[in-house]
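**Q** How does the following fold in three dimensions:
(2 chains)
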Amino acid sequence: RKEVEQDPGPFNVPEGATVAFNCTYSNSASQSFFWYRQDCRKEPKLLMSVYSSGNEDGRFTAQLNRASQYISLLIRDSKLSDSATYLCVVSRSGTYKYIFGTGTRLKVLA
Amino acid sequence: GAGVSQTPSNKVTEKGKYVELRCDPISGHTALYWYRQSLGQGPEFLIYFQGTGAADDSGLPNDRFFAVRPEGSVSTLKIQRTERGDSAVYLCASGAGEAGELFFGEGSRLTVL
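**A** Numbering: from 1, shown residues only, chains lettered A, B, ... in the order given. Have a look, this model is predicted:
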């Protein structure tokens, strides 16, 4: 079993739709959680960190469920420019080794 | 430049050859990471450095892969006796050494024929 698992998609959604991705992690000692965005043939870039209480940044909301060991990303009012691959990233307590999931591809359609 | 710089951006080599990939991190960043990414996959962890020392090299696939960071800044990933399966984009990232944002370079695309 992979340490970080994501549904690879693609998720095809119309503009304006709300879409949500989940990511599960296997190591209960995981401590830090992030969502990165990667455009086609580009490097990954941080989208947002995920805090225990959940956090929001504009149209994006991230949540953490430690009991079930998953994090989620919700995108409201999808834009064409949101089309990308969204990577879930986890690191364990006491280490700065960041493990990436496979990524979930999102295509927002006009 | 202000960002992470990787060279070469593209490298084509023949099976069995030796390859070096270079990463110049953001100035002042103590942590430096190497990842490998194949098509349709997420970045696969290889190794990370805190300063000059390798803090975790558990992702290096075998002893053909080696990385150094002798002065705590620039790092070189070295691959001996390359195989076709080594073909991938090799990404370097740097960070401030705390749990936080990683800044990636544009990657070095390695093709082994």
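**Q** from here on, contacts and neighbour counts on C-alpha atoms
**A** Fine.
**Q** Now do the strands in the chain.
**A** The chain I'm using is chain A. A:4-6, A:11-14, A:19-25, A:30-38, A:45-50, A:55-57, A:60-65, A:70-75, A:84-92, A:98-100, A:104-109 (DSSP state E).
**Q** wrong chain, I was asking about chain B
**A** Under DSSP E, chain B gives strands at B:5-7, B:10-13, B:19-24, B:31-37, B:44-50, B:53-56, B:65-68, B:75-79, B:88-95, B:103-104, B:108-112.
**Q** ranking those strands by mean pLDDT, which is last?
**A** When those are compared on mean pLDDT, strand B:53-56 scores lowest, with a mean of 90.
**Q** contact partners of that one?
**A** A:97, B:47, B:48, B:49, B:68, B:69, B:72 (CA atoms under 8 Å, 6 or more residues apart in numbering or on different chains).
**Q** same thing with stretch B:4-23?
**A** Applying CA under 8 Å, 6+ apart, the contact partners of stretch B:4-23 are B:24-26, B:74-84, B:92-94, B:103-113.
**Q** Dump that stretch to PDB, keeping only the CA atoms.
**A** Listed next in PDB are the C-alpha coordinates belonging to stretch B:4-23 (Å, rounded to 0.1, in the frame of the first residue of the first chain):
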ATOM      1  CA  VAL B   4      15.800  27.000  -7.700                       C
ATOM      2  CA  SER B   5      18.000  26.400 -10.700                       C
ATOM      3  CA  GLN B   6      18.500  23.000 -12.300                       C
ATOM      4  CA  THR B   7      20.900  22.000 -15.100                       C
ATOM      5  CA  PRO B   8      20.800  20.600 -17.600                       C
ATOM      6  CA  SER B   9      17.100  21.000 -18.400                       C
ATOM      7  CA  ASN B  10      17.300  18.100 -20.800                       C
ATOM      8  CA  LYS B  11      19.800  15.200 -21.000                       C
ATOM      9  CA  VAL B  12      19.800  12.400 -23.500                       C
ATOM     10  CA  THR B  13      22.300   9.600 -22.800                       C
ATOM     11  CA  GLU B  14      22.900   6.000 -23.700                       C
ATOM     12  CA  LYS B  15      22.400   3.100 -21.500                       C
ATOM     13  CA  GLY B  16      25.400   2.400 -19.300                       C
ATOM     14  CA  LYS B  17      26.600   6.000 -19.300                       C
ATOM     15  CA  TYR B  18      27.300   8.200 -16.200                       C
ATOM     16  CA  VAL B  19      25.100  11.300 -15.600                       C
ATOM     17  CA  GLU B  20      25.300  14.300 -13.300                       C
ATOM     18  CA  LEU B  21      22.400  16.600 -12.600                       C
ATOM     19  CA  ARG B  22      23.000  19.800 -10.700                       C
ATOM     20  CA  CYS B  23      20.700  21.800  -8.400                       C
END
